[in-house]
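Novice: Sequence first, predicted model second:
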Amino acid sequence: MNLESKWKEQNVLVTGGASFIGSHLVDKLVNLGSKVTVVDDLSSGTLENLSESKDNITFIKHDLEYTTKEDLKKIFKDQNYVFHLAAVHGGRGFITTHPADVCSNASIDHHVFQACSESNVQNISFASTACVYPTELQEKIGSDYKLKESDSNPKNLDGYMSADIEYGWGKLNSEIQLLSFVKQYGLKANVLRFVTAYGPRENETHAIIAWVYKALEKMDPYVIWGDGKQERDFTYVSDIVDGCILAAQKITDGTPINLGTGRRYTVIDVVKMICKVMDWSPSKFDFDMSKPTGALSRALDNSEAKRLLGWEPQISLEVGLKKTIDWYVKSHNPKGSVNPDLLLEHNTKVAT
């Protein structure tokens, strides 16, 4: 993969840059020599996430949902590239229990797309999700089918499209909205579809960190949402970041690109891998069938990412889990019990 020297001295805006994936992207861009501006309302992100780059960036605290054209004009002025990751988001528990909140993304996205168009940004990268895919393609445990970009094609408005709950429909509609700016105003854009990203700085509403958190607290019985047979494609954050940067270099027509490993793991198997790394196991596992679980079997076909970007994942799940667990254990002190609110609300205040 070639992350070109073109990023040196480029003005780059990262919305949602204080959050999990955004902060890692900021660090990478700073290392590549970019002049980075971060805009974030800190609703889920933290300034601590930006500690590695804080002295080399411009930070703007701003709510992109409740904003004005004048504010947007100032923020987006002279930006060469925009990575748009700002969103109301979270893990399966959060997006399932906050259906109205996640619909706010339509406003956030429109404001960003319009600001990019009016500011003559060279390319905008939009963070989308595997939730844009039809759930009927993901209903069979043991399936070897990998979701293709064509399974949910925002360029074919006469074709069939479906998505996974309100969050997925919102992201799919925003992909369509972004393409409307490409068609009407000539905006240069690319779309990245993430799947179960994980790594340091992620919060406990997301699967991997929730499972690490439960192990750190020695939850026993250890409660797993669903029957544990659900299958997921886990992508480490540094691979996501590299894919985003490559897409910004090579895709300008709004084409969506899958960023996933294409490999499935069951929930119970990953939980057991985490317990092994942490050298602890519960006496038993309990399976809570009342909790949201999402699609039964999900993995992304990454052949287009390989063909168009020269991208493929570099970090195995085993290595990624070790890195993530090392970070979490070093940055969190066990309290002796699991706070259930922490698994559903990304702004829950707890001491670490």
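Specialist: Received, thanks.

Novice: Can you pull out the low-pLDDT segments for the stretch 251-352 of the chain?
Specialist: 347-352 (pLDDT under 70).

Novice: as a whole number, average confidence for the longest helix seen in the chain?
Specialist: In the chain, taking DSSP state H as the definition, the longest helix is helix 165-185. Per-residue pLDDT over helix 165-185 has a mean of 98.

Novice: need the helices for the stretch 101-250 of the chain, in chain order.
Specialist: 105-118, 165-185, 207-216, 237-250 (DSSP state H, counting those that start in this stretch).

Novice: From the recorded domain assignment, give the ranges for this protein.
Specialist: 5-197+233-259, 200-232+264-295+315-343 (automatic domain parsing).

Novice: of all the helices of the stretch 101-250 of the chain, which lies closest to Gly22?
Specialist: Closest to Gly22 of the helices of the stretch 101-250 of the chain is helix 237-250 (CB to CB; 9.5 Å). Any C-beta I mention is one placed from the backbone N, CA and C, and that applies to glycine too.

Novice: before we move on, the earlier item: Glu304: which of the domains of the chain is closest?
Specialist: domain 5-197+233-259 (5.8 Å).

Novice: quick one on the thing from earlier: okay if I get the domains of the chain as CSV plus distance to Lys306 and mean neighbour count?
Specialist: As requested, the domains of the chain are arranged in CSV below (distance: least, CB to CB, whole Å; neighbours: other CB atoms under 10 Å):
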stretch, distance to Lys306, mean neighbour count
domain 5-197+233-259, 10, 20
domain 200-232+264-295+315-343, 16, 17
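
Novice: what would those domains look like in JSON lines with distance to Asp301?
Specialist: Formatted as JSON lines, these follow (distance: least, CB to CB, whole Å):
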{"stretch": "domain 5-197+233-259", "distance to Asp301": "4"}
{"stretch": "domain 200-232+264-295+315-343", "distance to Asp301": "12"}
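
Novice: Select, out of those domains, the one closest to Leu308.
Specialist: It's domain 5-197+233-259; of the domains of the chain, that one is closest to Leu308 (CB to CB) at 6.3 Å.

Novice: and that closest one, how far apart are its ends?
Specialist: 23 Å (CA to CA, to the nearest Å).

Novice: Tell me the gap between it and the middle of its chain.
Specialist: 8 Å (CA atoms, centre = their mean, to the nearest Å).

Novice: In contact with the closest residue to Ser143 other than its chain neighbours, which residues?
Specialist: Counting by CB to CB, 6 or more residues apart in numbering, Ser143 lies nearest to Ser297, which is 4.7 Å off, once chain neighbours are set aside. Contacts here follow CB atoms under 8 Å, 6 or more residues apart in numbering; on that basis Ser297 touches 138-143, 230-231, 264.

Novice: how close does Ser297 sit to Leu147?
Specialist: For Ser297, the distance to Leu147 equals 10 Å [CB to CB, to the nearest Å].

Novice: Now do the shared contacts for the two.
Specialist: Gln138.

Novice: Mind putting the contacts of Ser297 into CSV with distance to Ser290?
Specialist: Output for these, formatted as CSV (distance: CB to CB, whole Å):
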residue, distance to Ser290
Gln138, 21
Glu139, 20
Lys140, 23
Ile141, 19
Gly142, 24
Ser143, 25
Gln230, 15
Glu231, 20
Arg264, 24
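
Novice: if we can go back for a sec, so which of the helices of the stretch 101-250 of the chain gets nearest Trp7?
Specialist: Closest to Trp7 of these, according to CB to CB: helix 237-250, at 7.4 Å.

Novice: Could you point out the helix or strand that follows the closest one?
Specialist: strand 253-259 (DSSP states H and E).

Novice: That next one packs against which elements?
Specialist: On a contact count with 3 or more CB pairs under 8 Å, 6 or more residues apart in numbering; DSSP states H and E, strand 253-259 meets helix 165-185, strand 189-194, helix 237-250.

Novice: Can you identify each of the strands in the chain by residue range?
Specialist: With DSSP state E, the ranges of strands along the chain come out as 11-15, 35-40, 57-61, 81-84, 123-129, 189-194, 197-198, 222-225, 231-232, 235-236, 253-259, 265-266, 285-288.

Novice: right, and the ones you listed - which one's nearest Ile165?
Specialist: Comparing those by CB to CB, strand 123-129 comes nearest, at 10.9 Å.

Novice: And for the residue of the chain most remote from its centre, nearest residue in space, chain neighbours not counted?
Specialist: Most distant from the centre of the chain: Ser283, at 33.1 Å, with distances by CA atoms, centre = their mean. Leaving out its chain neighbours, the residue that sits closest to Ser283 by CB to CB, 6+ apart is Asp220, at 5.5 Å.

Novice: Nothing else from me, thank you.
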